[in-house]
Structure formats: C-alpha cells, structure tokens
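In: Provided below for reference: sequence and predicted model.
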Amino acid sequence: MKSCVLALVLCAGLVAQTPVAGLGRIVQTLLAGFDRYDILALGEWHGQIKLDSELRVALVRHPDFPKKVRSIVVEFGSTTAQDTLDRYINGGEVSKAELKQVWKTTTQAENGIWDQPIYAEFPAAVRDVNSKLAPDARIRVLGGDPGPGDHRSRENTAVSVLKEAMGKRGKALILYGAAHFYRKVPADYLASLGEDTGIASKLEVAFPGRTFVVIPLGWLERPGAVVQDVIPDFRKFDRELRTGVRPVMVPLQQAPFRDFTAEEFQGRTLTTCRGAGGCVSVFRGSKITLGQMADAGIYVGGDRR
C-alpha cells in the first residue's frame, strides 16, 4: 500500500486530520486521492467564486492528471453536442459559434450560467493538455446534461454518462454544481426532486464507496428573495485553521468541521419559495451537518465579497 504523505489521503482506512493549504497542495492531494477512489465529485458555485475555475484548471494541467484520470463529465455540456466537444478537445477545427452549442444546448442554457468565460476556459485547458499527449492517452470530456431529444432527467443522464465512461476508461472526474453532490438534504426537499435526488447518492448505489465528494465553503451573499437566514460565522473555521493561506481543503469527516451545521454554512446554496412563509433556505431548522454532506470542503475564507 502506498504511504500517506498528504493530508486527507486515505491510508489503511484512516483519514489524516490536517487541513491542506494552498492551491498546489490541494491539487496534489486530490490527485493522490485517486489512488483510493475512482470518482472525484468536485462541486462548484456556478461562477460565484473564481477559485472553482482555477482549481479544476490546475487539476487537469497537473502532469499526473492524465496518468490517473481519462474521463471528465461536466454539467456545462450537453449529450447531443458530444461530437463537437470531442472534435474540439482533440484539437480539431471548431468555430466559436459551434463550440458554444456544447453549453447552449443544455437544459440550463436559458439561465445564462454557462456564458461566463470560465466555462469555455476549461475545455480549452483540456484541449491544450491533450495536444501534448499521444492520441491513446488523451483525456475525454463528456457532456452530462441532456440536450434536445435526450429525455432523461438531468442527474440520471449524468450518472449514465459517467457509468459508460468508467466502463471504458476507468477513473473519472465529475464537475457539477455542489448541491448535486450533497449526500444529505432535508427529507421534504428531497421528496420534491422527482428523479433527481442527488448525483452522489446515485453514484453510491452504482459504485459503493468509490466516490470522494468535495464542496466549496465560504461566504456567499444572501439570495435576494430570501428575507432572513442564519448569518454564517466563519470565525469558527478560522480559529481551527493554523494558516492564513487560502484556499484550504478541510476534512469534513473530522471534528470540529464535521459537526458544523449545513443551515449555517451551506444554507444560502439551496433556497425554496414554495412555502407559505416566503423564500427560505431548504436547511432552515435542519440538524444536518457538513460531515453528512461531503467528504471535504475547499474553504475560500469568510470575508464578505
């Protein structure tokens, strides 16, 4: 068994307790995690923090990434534009207008989420990495969102695409909004989701114990429609960390981070306006903890931005 030299890498069934500070060391730790896990579920906050993009680009640009991972499933790509994405990633001639159809044909395109430059920067980074690799060693990026004519639910589509990738090419990275990876949410909210009850929970059924879930942590502004919520006190994180370097990868299966509540630190990531009392966090009044939601968090700091 390989020795455990970086925090958060599992050795002999144990998780090291030391947080990992700095983007470079976080990337190394995530890569080392593939020695134990087959799937890294890396959540993001849809362009609200630049670090999400910086982290995933740094990860795929690391020289060890293509040695460990050959498939990446992304939320910002549709299944029906896969041929275009494949041609682009492998260095083919693809116009900007044609490339945009990769995300313009997703179910979420009308929200304008994917129009931010960071979502074009990621496939461009993988294309650059692939240009230096032999054809049989290249990374494949797969759209996980159902495009026109694909009538599966969003999360069922993602899991189906990932299953196929795993069967053909082994280990995989999956990039989606963090809420898709929450392992636990309030029961009443879960009941409202239909078939899309969480990618992480679906992966746990398909690949038991083989997925490592990482979510972002840090200050988010209160959604405009929400009148009142729990204001997160990130001094609880800062007091426990022995470094001023940010970001920091923190182990959510270790105290005290494990016991911090989702209502306080993830409440603003999921809100609902269905109740009679107006718009609130779905975690309002919930006792769900961060340790129940994910394996690790990328803490960017608690400063208001």
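Out: On my side now, so go ahead.

In: just for the stretch 1-150 of the chain, where's the confidence low?
Out: 1-17 (pLDDT under 70).

In: so what does Ser78 have for phi and psi?
Out: phi -100, psi 150 (degrees, to the nearest 10).

In: that one and Pro148, how far apart?
Out: Using C-beta to C-beta, to the nearest Å, Ser78 is found at 8 Å from Pro148. C-beta coordinates here come from the backbone N, C-alpha and C atoms, glycine included.

In: centre-most residue in this protein?
Out: By C-alpha atoms, centre = their mean, the chain has its centre lying nearest to Gly43, at 1.8 Å.

In: hmm, back to that, Ser78 and Pro148: which has the busier surroundings?
Out: Using other C-beta atoms under 10 Å, the more surrounded residue of Ser78 and Pro148 is Ser78, with 28 against 12.

In: quick check: closest non-adjacent residue to that one.
Out: Nearest residue to Ser78 in three dimensions, chain neighbours excluded: Gly147, at 3.2 Å (C-beta to C-beta, 6 or more residues apart in numbering).

In: cool, Val74 as well?
Out: Nearest non-adjacent residue to Val74, counting by C-beta to C-beta, 6+ apart: Leu175, 4.9 Å away.

In: A helix includes that neighbour, no?
Out: No: if the criterion is DSSP: H, G, I helix; E, B strand; the rest coil, then Leu175 is strand and not within a helix.

In: what's around it, how many residues?
Out: If you count neighbours by other C-beta under 10 Å, Leu175 ends up with 23.

In: would you map the strands across this structure?
Out: Under the criterion DSSP state E, strands of the chain are mapped to 10-11, 14-15, 20-21, 39-44, 71-78, 140-145, 172-177, 211-217, 248-251, 271-272, 280-281, 296-299.

In: touching, Asp86 and Arg140? I think so.
Out: Yes: counting by C-beta atoms under 8 Å, Asp86 touches Arg140, with 7.1 Å between them.

In: coming back round to it: tell me the contacts of the residue nearest to Ser78?
Out: The contact partners of Gly147, by C-beta atoms under 8 Å, 6 or more residues apart in numbering, come to Ser78, Thr79, Thr80, Ala81, Thr105, Thr106, Thr107.

In: still on that earlier bit, redo the strands of the chain as TSV? Include distance to Glu164.
Out: Formatted as TSV, the strands of the chain follow (distance: least, C-beta to C-beta, whole Å):
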stretch	distance to Glu164
strand 10-11	27
strand 14-15	30
strand 20-21	32
strand 39-44	13
strand 71-78	9
strand 140-145	8
strand 172-177	10
strand 211-217	16
strand 248-251	30
strand 271-272	33
strand 280-281	36
strand 296-299	27
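
In: surely Asp52 touches Leu23?
Out: No: Asp52 is beyond contact range of Leu23, at 11.6 Å (criterion: C-beta under 8 Å).

In: neighbour-wise, which of those two wins?
Out: Neighbours per residue, other C-beta under 10 Å: of Asp52 and Leu23, the larger number sits with Asp52, 22 against 18.

In: Ala120 is nearest to which of the strands of the chain?
Out: Evaluated over these, closeness to Ala120 peaks at strand 71-78, with 9.2 Å, by C-beta to C-beta.

In: so what does that closest one touch, helix or strand wise?
Out: The contact analysis (3 or more C-beta pairs under 8 Å, 6 or more residues apart in numbering; DSSP states H and E) places strand 71-78 against helix 96-104, helix 118-130, strand 140-145, helix 154-169, strand 172-177.
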